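Novice: Here is my input; please provide its structure:
(chains A and B)
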Amino acid sequence: MILSTGDLQAVILTLELALVVTAVLFVAGTPIAWWLARTKSRWKGPIGAVVALPLVLPPSVLGFYLLLAMGPNGPVGRLTNALGIDPLPFTFEGLVLASVFYSLPFMVQPLQNAFEAIGDRPLEAAATLRASPLNAFFTVALPLALPGFLTAGVLTFAHTVGEFGVVLMIGGNIPGITRVASVQIYDHVEALEYGEAHSLAAVMLIFSFLVLLTVYAWRPGAKKA
Amino acid sequence: MTKDQIQARFLLNWPGFSLDIDLTLPGRGVSALFGQSGSGKTTLLRCMAGLERAGQGFLSFKDEIWQNGKTWLPPHRRPIGYVFQEASLFPHLSVLNNLQYGRKRIPEARQTDLDPIIDLFGIGHLLDRKPDRLSGGERQRVGIARALAVNPRLLLMDEPLSALDSARKQEILPYLEKLRDRLDIPIVYVSHSPDEVARLADYLVAMNNGKVVTHGPLKETLARIDLPIRLGEEAGVVLDAVVAERDPQWHLAKLDFPGGSLWTRDKGIALGRRVRVRVLARDISLACDNREHSSIQNVLPGEVEAITDDEHPGLALVSVKVGPSVLVARLTKRAAHRLEITPGQAVWLQIKSVALME
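Specialist: The predicted model follows:
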């Protein structure tokens, strides 16, 4: 199975996007998941619902609002303008920002579950052993939630690889910049290039299967004491 | 503020539960917080540790203030050791790393050698294991050792035996007794077991419904039948005694306590050793004369101090002075009526059995 240069470019761009989004979400999603897992605030429900919205919202709806926000009259657009940055739509950075929102629940929910499963006790034990809350997070909560981090990372990565609607709304279809694999397949089908579509689709199928196999079959340190 | 005391005042209101405490504990020995589940004893302990924060509260430990108005020292800044009901070891760390976790976080000047602690709890062969490879008793021994490894100035223990079956309890109790005798820091020990309290405590705080019912030195408090501590079948006193004589022919040992002596099975404890003896009220009968022909070996003369109702309407508790010591007997009200028990009366105590606690 040989991919054309354009296909390869799309695949590499897809992986790049997924890697960057996963990395950003590890940093941004962990505090949100931690807060949701431990808070007794009445805002827990509303914030949890907002985080989960991308699960049920059509990607085109999310993409539409993000496009408006990033546009010249939107809040993000005004901010980028004030900072002297080029507008985000139809750029790789714009795609990253949109994908971060789109994949947020796939990072936050597994992490939240992992943090909730740890419970208060190990952290209380750490506190009575002189660990500050931050120190206890890194030395107790993080290692105990490691399987959750693995699941969250893999799901976020795979979900970003698979997105289509948001990309079309925000990024359009610029080769090497915003044309990801799913869009490339769509183009092939539109152009009736079924052979090329087949090759790329098969690559995506096998890749996605392997990723999910990793999550479901390989769970290091999952046993509980 | 007194230098060698722990002063605690907490006011805390939760839905369906409130804690209202104003208590001064001695700065040495074992203070037991005793009560039924739901009496607030664990909550009080957690407030002392800083794991719970009472909106209104004051807590001083010797010459330090840990909580006062807006001042509140978070738990990781308090010089405490805390033992949870379940050992709560870190499952991702080996036993040794569990022990080291707190130890390496205290100032180097306060760090002590781990070996004596490891020896005391007999966990040297477990150091490389993960907690999931330990038995319940081993886990709790490691949990206590881990709390001691931070060289605390106050040890807080929340029913450390309650998650264990009775065989495991008997396995751990001797370690706790060793700890009490060797450690010169105060221990606050939460328990609902009269037996554990009788064996370990020096000071008793009885709690009910989030309030302190009564508190005082253990021996005096247990001997006072006017206090509303209801122990039912477990009512009884604790005496300090010395092994004075061992009779090899009958395998008995004589225990001298202030005011008299008691014979008990010889458990092989050396002569001259100080021991605790627990005498339950249900094991003492009273008589007006000293009948020689009885299977009961321990008969002591005493003087009735007071008589009061027990929990059951048919029963009464009688406190009897034997020299400077006080013992408590439980008898039916009918028997008390027939013997015409009145304060000041001379009686004979027939003691069926005593529990010797090393």
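
Novice: Now for residue A:185: which residues touch it?
Specialist: Residues near residue A:185 by Cβ atoms under 8 Å, 6 or more residues apart in numbering or on different chains: A:197, A:200-201, A:204. Just so you know, the C-beta spots here come from the backbone N, C-alpha and C atoms, and that holds for glycine as well.

Novice: And those, which is closest to chain B?
Specialist: residue A:204 (36.1 Å; Cβ to the nearest Cβ).

Novice: Kindly provide the distance from residue B:100 to residue B:215.
Specialist: Going from residue B:100 to residue B:215 by Cβ to Cβ, to the nearest Å gives 37 Å.

Novice: Between those two, tell me which one has more neighbours.
Specialist: residue B:215 (20 against 16; other Cβ atoms under 10 Å in any protein chain shown).

Novice: Can you pull the phi/psi pair for that one?
Specialist: The phi and psi values for residue B:215, taken as degrees, to the nearest 10, are phi -150, psi 150.

Novice: Report the separation between it and residue B:204.
Specialist: 6 Å.

Novice: between these two, what contacts are shared?
Specialist: Residues touching both residue B:215 and residue B:204 (Cβ under 8 Å, 6+ apart): residue B:221.

Novice: Show me the helices in the stretch 151-300 of chain B, by range?
Specialist: Secondary structure of the stretch 151-300 of chain B (DSSP state H, counting those that start in this stretch): helices located at B:166-182, B:194-200, B:218-223.

Novice: Let me know the average pLDDT across the first one.
Specialist: When pLDDT is averaged over helix B:166-182, the result is 85.

Novice: before we move on, the earlier item: in the contacts of residue A:185, which residue is surrounded by the most others?
Specialist: Ranking the contacts of residue A:185 using other Cβ under 10 Å puts residue A:200 first, with 25 neighbours.

Novice: which residues touch that one?
Specialist: Contacts of residue A:200 (Cβ under 8 Å, 6+ apart): A:3, A:7, A:10-11, A:181, A:184-185, A:188.

Novice: Mind doing that once more with 6 Å?
Specialist: A:7, A:185 (Cβ atoms under 6 Å, 6 or more residues apart in numbering or on different chains).

Novice: Tell me the pLDDT of it.
Specialist: Reported pLDDT at residue A:200 in the predicted model: 91.

Novice: So, low pLDDT: which residues of the stretch 151-300 of chain B?
Specialist: B:292 (pLDDT under 70).

Novice: right, and the helices of the stretch 151-300 of chain B - which one's nearest residue A:33?
Specialist: Taking Cβ to Cβ, helix B:166-182 is the member of the helices of the stretch 151-300 of chain B nearest to residue A:33, at 37.6 Å.

Novice: Any buried residues in that closest one, and which?
Specialist: Neighbour-count burial for helix B:166-182, with 16 or more other Cβ atoms under 10 Å in any protein chain shown as criterion, is recorded at B:168-169, B:171-173, B:175-177, B:179-180.

Novice: Identify each buried residue in the longest helix seen in chain A, please.
Specialist: Longest helix of chain A, by residue count under DSSP state H: helix A:5-38. The neighbour-count check on helix A:5-38 (16+ other Cβ under 10 Å) flags A:6-7, A:9-11, A:13-15, A:17-18, A:20-22, A:24-25, A:29-30, A:32-38 as buried.

Novice: got the residues of chain B near chain A?
Specialist: B:51, B:75-76, B:82, B:88, B:91-92, B:101-102, B:105-106, B:131-132 (Cβ under 6 Å from any Cβ of the partner chain).

Novice: go with 8 Å
Specialist: B:49-51, B:74-77, B:80-82, B:84, B:86, B:88-92, B:101-102, B:105-106, B:130-132, B:146-147, B:150 (Cβ under 8 Å from any Cβ of the partner chain).

Novice: Separate out the buried members of these.
Specialist: B:49-51, B:75-76, B:80-82, B:84, B:86, B:88-92, B:101-102, B:105-106, B:130-131, B:146-147, B:150.

Novice: Looking at these, which are in strands?
Specialist: Under the assignment DSSP state E, these contribute B:80-82 to strands.

Novice: So which of those is the closest to chain A?
Specialist: residue B:82 (3.7 Å).

Novice: quick one: the residue nearest to that closest one when sequence neighbours are not counted from residue B:278, how far?
Specialist: Leaving aside its sequence neighbours, residue B:82 sits nearest to residue A:128 (Cβ to Cβ, 6 or more residues apart in numbering or on different chains; 3.7 Å). According to Cβ to Cβ, residue A:128 and residue B:278 sit 32 Å apart.

Novice: Return the residues in contact with residue B:75.
Specialist: Here residue B:75 is in contact with A:124, A:127-128, B:49-51, B:82 (Cβ under 8 Å, 6+ apart).

Novice: rewinding a little: in a markdown table, list the contacts of residue A:185 along with secondary structure.
Specialist: Putting the contacts of residue A:185 into a markdown table (DSSP: H, G, I helix; E, B strand; the rest coil) gives the following:
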| residue | secondary structure |
| --- | --- |
| A:197 | helix |
| A:200 | helix |
| A:201 | helix |
| A:204 | helix |
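
Novice: quick one: which two of those residues are the most distant?
Specialist: A:197 and A:204 (10.5 Å).

Novice: now the strands for the stretch 151-300 of chain B?
Specialist: Per DSSP state E, counting those that start in this stretch, the stretch 151-300 of chain B carries strands over the ranges B:154-158, B:187-191, B:203-208, B:211-217, B:236-247, B:252-257, B:260-265, B:274-280, B:284-287, B:298-309.

Novice: List the contacts of the fifth one.
Specialist: Counting by Cβ under 8 Å, 6+ apart, strand B:236-247 makes contact with B:198, B:218-219, B:222-223, B:252-258, B:261-263, B:266, B:269-283, B:325-328, all of which sit outside it.

Novice: And these, which of them are buried?
Specialist: Buried among the contacts of strand B:236-247 by 16+ other Cβ under 10 Å: B:198, B:218-219, B:222-223, B:253-255, B:257, B:262-263, B:266, B:269, B:275-283, B:325-328.

Novice: just to revisit the earlier point, quick check, nearest of the contacts of residue B:75 to residue A:134?
Specialist: Using Cβ to Cβ, the contacts of residue B:75 come closest to residue A:134 at residue A:127, 11.4 Å.

Novice: Are we agreed that the closest one is in a helix?
Specialist: Yes - under three-state DSSP, residue A:127 falls within a helix.

Novice: Report the contact partners of the nearest residue to residue A:19 once chain neighbours are set aside.
Specialist: Nearest residue to residue A:19 in three dimensions, chain neighbours excluded: residue A:157, at 7.2 Å (Cβ to Cβ, 6+ apart). Shown in contact with residue A:157 (Cβ under 8 Å, 6+ apart): A:18-19, A:21-22, A:211.

Novice: I'm done for today, thanks for sticking with me.
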